[in-house]
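> coordinates only, sequence not included:
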């Protein structure tokens, strides 16, 4: 998988997590641990995106 394709996939995953988090926050019955987990996963994906972008820029 190319770096660009990997970035696209990570950005798609980040958007999916963002939507899941939004839905969880809207439903008051959502467990707080679920919200924390979604936020953690979203941040991890964001960090991966930033690392790939940074590494991709240093390769050019």
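Received it, and whenever you're ready, just let me know what you need. What you see is a predicted model, and the numbers here were worked out from it, not measured in a lab.

> remind me, longest helix of the protein?
helix 32-59 (DSSP state H).

> Report the buried residues of that helix.
The neighbour-count check on helix 32-59 (16 or more other CB atoms under 10 Å) flags 38, 41-42, 45, 49 as buried. Any C-beta I mention is one placed from the backbone N, CA and C, and that applies to glycine too.

> That one - contacts with which helices or strands?
When contacts are defined as 3 or more CB pairs under 8 Å, 6 or more residues apart in numbering; DSSP states H and E, helix 32-59 sits against helix 3-26.

> Would you mind pulling up the elements that the helix it packs on packs against?
Judged by 3+ CB pairs under 8 Å, 6+ apart, the packing partners of helix 3-26 are helix 32-59.

> tell me how far the helix it packs on is from the chain's mean position?
5 Å (CA atoms, centre = their mean, to the nearest Å).

> Report the angle between that helix and helix 3-26.
Relative orientation of helix 32-59 and helix 3-26, computed by axes from the mean of the first three to the mean of the last three CA atoms, to 10 degrees: 160 degrees.

> Can you tell me which residue is spatially central in the chain?
residue 14 (2.8 Å; CA atoms, centre = their mean).

> in this protein, which helix or strand is least confident?
Here the helix or strand of the chain ranked lowest by mean pLDDT, DSSP states H and E is helix 32-59, holding a mean of 92.

> ok, so what distance separates the closest residue to the residue nearest to the centre of the chain other than its chain neighbours from residue 21?
Leaving aside its chain neighbours, residue 14 sits nearest to residue 45 (4.6 Å; criterion: CB to CB, 6 or more residues apart in numbering). For residue 45, the distance to residue 21 (CB to CB, to the nearest Å) stands at 12 Å.
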